[in-house]
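Visitor: structure for the following, please:
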Amino acid sequence: MSERLQSVPRRPSLNKAARFTAIAAVSFFVSGILSVCGVTGSWDRGIYDLCLKLRVLNGSESQNRIVASIDINDSSVETLSGRLDTRTAFADALEVLTESNAAVAFDFLFRYEKSHDAKFVNAVKKAKDAVMAVVAVNEEITGAPYRELTEIERRILRRHIWHIKVLKKGNIPRAGTFFLPFPALGEAAKQLAHINIEPDPDGIYRRIPLFYEWEGGYIPSLSLAAAVLFLQIPVETIELKAGAHVALPLSEKEVIRIPVDNQGRMLVPYSEAWNSNKRIPFHTVVNAKNDMAVFDKVFSGMNNRIALVAEISADQKDFGPTAFERLYPVSGAHAAVIGSILDGLEGRSFIGNVPLFYKILTILFLLACAFVSCNVKNDTRFHLCFLAALLFFSCLTFLRWRHAAIYPWYALPIAMFCLIWAVAFFIRLAARNREQLLLRSALSRYFPHALAERIMRERKTELIPVYKDLTILFADICGFTKWSSEKSPEHVHAFLNDYLESMADILFAYGGTIDKYMGDGILAFFGDPLEMPDHCERCLHAAIAMQKEIKFLADKWKPLSNIDLKVRIGINTGKVIVGNLGSKTRIEYTVIGADVNLAQRMESNAPIGGILVTAAVREKARDKFTFSQKQLIAVKGYAETIEAYVVEMI
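Guide: Just a heads-up that it's a prediction; the model follows:
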């Protein structure tokens, strides 16, 4: 009964910290399962894809213009045809790019030597920082029909191994073998670099491995190699700290740090949708050799740039889905990485991983918020506290992405946080349901069942003490003390239970409230806690019904216990104080006041088996009940006699 029935017995509550620890443990366990099963990781990828899509489509970022994407598209295949097969077109393109002082990286593999390759190989030797592609075969792949490298191929590949500073090796993938360009081309290239890029389990291209380990060194990715050569960074100064970064020192004070995961993979910082208007067809480059007008128009701005040559024809099928486009040339990922490295000193070019200390702080912060929220008593505030913390962390995650391009690590902490809320809310509901059951049980002892249900339904449970017009009834068995002293406790108990239960049923039937049982005595009142305009009439009807029931009980118990059951009933109506009264440790819903005392005096002066009421009662009910002649009785506590009447029972 909330504040008014604090005397309802309650089990000792668990320690708050221990209870919260149990809730948190359950939430950690469930969220851990979600994490191990990849559910939270999948949610994070979805959030990341949405953020990346908004960034690309809103055009908030742009790719570094030093990177020129040169595509062998369907038009190039149709225009150049045989010149592509003989590779003379590649030699011509390299001459044009070399003349424009552009570095070149080829995003496809020249595996087999052809009859006219001498010109192409010679052009590669003369080209500025030519990077040729290889394909790494992961050492973990077993049973695949991949041949071992020949000694010549190993010698060529060893020349291109990077020996860098390894601060933390992590789980960099190891290559068992490689697909290499034909030997003469491999010898001519400034750098051999892998073009491996694999989609995530959902098929989306998000990450690119920067290294493959082989024979104690590392083969870099095409994009990393092209950028390092362009920036003229000594390979031996590069630092690898798996799970943190790859550091590219430009000088003692200027260092580009590329965020990588424990496998040395970086998130591809896509910045633009595929726009063919910004890409240069390969045949345009080839034709520029013999057409200075084309050269001046297209390549006047190519000086000191990186040309990324890739085949995106329909036959090549070198496309894959990204967060923002279902068909995107995979070479675009290499271009995005090269551009981000060139922009690296600006600090926002990369998509950062979430550091461990941030994850720990996030978990601790959300646990603290959850602990505070769980100890808020008010349900509305409980939900608002959780909601406020949820919104704060959501905004923080978004701002970290918006202003620092930090990967949105969100699903796992929020899953844990929401699970804590759900478990805590379930416990609250269970506790509330238990309290409601206890409250309903307690109310049913005070009030009739229908009234108790109404109080619960209308939530009128404050019961703050107030002055109120009520009708009070006292009832007492005549000679009970003497009779009970001669009987066994069990016998007295059985009789009283039958008597009091019968009287309670009648009082409840007329809407009365039982204040207390005083041995064999009963104190009841009518008119609270719910409004009852006819409380005086109800009380009189109940008193008459009680006397009639007592006659039946007398006939029942006379042969069983030799009790001559007769009861006095006294009734008064007037202003009294009603509500919760008592101390911090003991509280009682009761009535007090002079009119309560007067009702008790009426009972003590009532005739045996009769009902004695005050003049105030007679005045309110004179039209519906019959009363005896006026009596003047002297009562304790009153200087003058009190006018009283006996109710005539028909």
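Visitor: okay, now the unreliable bits of the stretch 451-600 of the chain?
Guide: 451-463, 584-586 (pLDDT under 70).
Visitor: all strands for it, in order.
Guide: Under the criterion DSSP state E, counting those that start in this stretch, strands of the stretch 451-600 of the chain are mapped to 466-477, 513-518, 521-526, 567-582, 587-592.
Visitor: now render the ones you listed as JSON lines, adding mean neighbour count.
Guide: (C-beta placed from N, C-alpha, C; glycine too.) Listed next are the strands of the stretch 451-600 of the chain as JSON lines, based on neighbours: other Cβ atoms under 10 Å:
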{"stretch": "strand 466-477", "mean neighbour count": "22"}
{"stretch": "strand 513-518", "mean neighbour count": "18"}
{"stretch": "strand 521-526", "mean neighbour count": "24"}
{"stretch": "strand 567-582", "mean neighbour count": "22"}
{"stretch": "strand 587-592", "mean neighbour count": "19"}
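Visitor: JSON lines for those strands, including distance to I550?
Guide: Below are these laid out as JSON lines (distance: least, Cβ to Cβ, whole Å):
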{"stretch": "strand 466-477", "distance to I550": "9"}
{"stretch": "strand 513-518", "distance to I550": "16"}
{"stretch": "strand 521-526", "distance to I550": "12"}
{"stretch": "strand 567-582", "distance to I550": "5"}
{"stretch": "strand 587-592", "distance to I550": "24"}
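Visitor: the protein - how does it break down into domains?
Guide: For the chain, automatic domain parsing gives the domain ranges 16-45+354-442, 65-140+149-161+174-232+276-317, 449-646.
Visitor: and P259, which of the ones you listed is closest to it?
Guide: Within these, the stretch nearest P259 is domain 16-45+354-442; the backing value is 8.5 Å (Cβ to Cβ).
Visitor: and the gap between V309 and K630?
Guide: According to Cβ to Cβ, to the nearest Å, V309 and K630 sit 121 Å apart.
Visitor: same question, V268
Guide: For V268 relative to K630 (Cβ to Cβ), the value is 103 Å.
Visitor: same question for D44.
Guide: For D44 relative to K630 (Cβ to Cβ), the value is 88 Å.
Visitor: with L412 instead?
Guide: Relative to K630, and taking Cβ to Cβ, L412 is found at 84 Å.
Visitor: sorry, back to before: comparing V268 and K630, which residue is more hemmed in?
Guide: V268 (25 against 10; other Cβ atoms under 10 Å).
Visitor: so for the more buried one, what's the nearest residue that isn't a sequence neighbour?
Guide: A333 (4.7 Å; Cβ to Cβ, 6 or more residues apart in numbering).
Visitor: pull the distance from the helix or strand that neighbour falls within to the chain's centre.
Guide: Assessed by DSSP states H and E, A333 sits inside helix 331-342. Mean C-alpha position of helix 331-342 versus that of the full chain (Cα atoms, centre = their mean, to the nearest Å) differs by 35 Å.
Visitor: which strands and helices sit next to it?
Guide: strand 67-72, strand 207-209, helix 222-231, strand 255-259, strand 306-311 (3 or more Cβ pairs under 8 Å, 6 or more residues apart in numbering; DSSP states H and E).
Visitor: I'd say N597 and I642 touch.
Guide: No. Using Cβ atoms under 8 Å, N597 is not in contact with I642, being 11.3 Å away.
Visitor: shared neighbours of these two, which are they?
Guide: Residues touching both N597 and I642 (Cβ atoms under 8 Å, 6 or more residues apart in numbering): none.
Visitor: residue contacts, G216?
Guide: I161, H163.
Visitor: then G574?
Guide: D469, L470, G593, A594, D595, L598, A616.
Visitor: most surrounded residue in those?
Guide: Most neighbours among those, by other Cβ under 10 Å: L470, with 26 neighbours.
Visitor: what separation is there between the nearest residue to R279 once chain neighbours are set aside and V285?
Guide: Leaving out its chain neighbours, the residue that sits closest to R279 by Cβ to Cβ, 6+ apart is S69, at 4.5 Å. Separation of S69 from V285 (Cβ to Cβ): 11 Å.
Visitor: now the strands for the stretch 301-450 of the chain?
Guide: Under DSSP E, counting those that start in this stretch, the stretch 301-450 of the chain gives strands at 306-311, 319-320, 328-329.
Visitor: pick the most buried one from those.
Guide: Counting by mean count of other Cβ atoms under 10 Å, strand 306-311 has the highest mean neighbour count of these, with a mean of 25.
Visitor: mind saving the C-alpha coords of it as CSV?
Guide: Extracted in CSV, the C-alpha atoms of strand 306-311 (Å, rounded to 0.1, in the frame of the first residue of the first chain):
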residue,chain,number,x,y,z
ILE,A,306,50.5,8.5,-59.5
ALA,A,307,48.8,6.7,-62.4
LEU,A,308,46.9,3.6,-61.3
VAL,A,309,46.2,1.4,-64.3
ALA,A,310,43.5,-1.2,-64.0
GLU,A,311,41.2,-3.2,-66.2
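Visitor: hmm, who's touching it?
Guide: Under the contact criterion Cβ under 8 Å, 6+ apart, strand 306-311 has outside partners 66-72, 93, 97, 102-108, 226-227, 230, 282, 285, 318, 329-331, 334-335, 338.
Visitor: on that earlier part again, can you redo the helices and strands packed on helix 331-342 as CSV, where the extra columns are distance to G511 and mean pLDDT?
Guide: Shown next, in CSV, are these (distance: least, Cβ to Cβ, whole Å; pLDDT from 0 to 100):
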stretch, distance to G511, mean pLDDT
strand 67-72, 87, 88
strand 207-209, 75, 95
helix 222-231, 85, 94
strand 255-259, 75, 93
strand 306-311, 89, 90
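Visitor: so which of these is nearest I161?
Guide: helix 222-231 (11.7 Å).
Visitor: now the closest one: buried residues?
Guide: Within helix 222-231, the residues that count as buried by 16 or more other Cβ atoms under 10 Å are L222, S223, L224, A225, A226, A227, V228, L229, F230.
Visitor: picking up where we left off before, for the contacts of G574, which one is nearest F178?
Guide: Distances from F178 to these, taken by Cβ to Cβ, are shortest for L470, at 97.3 Å.
Visitor: which residues does the closest one contact?
Guide: By Cβ under 8 Å, 6+ apart, the contact list for L470 reads F525, F526, G527, D528, H535, T573, G574, V576, V578, V591.
Visitor: and the gap between the residue nearest to V268 and L210?
Guide: A333 is 12 Å from L210, by Cβ to Cβ.
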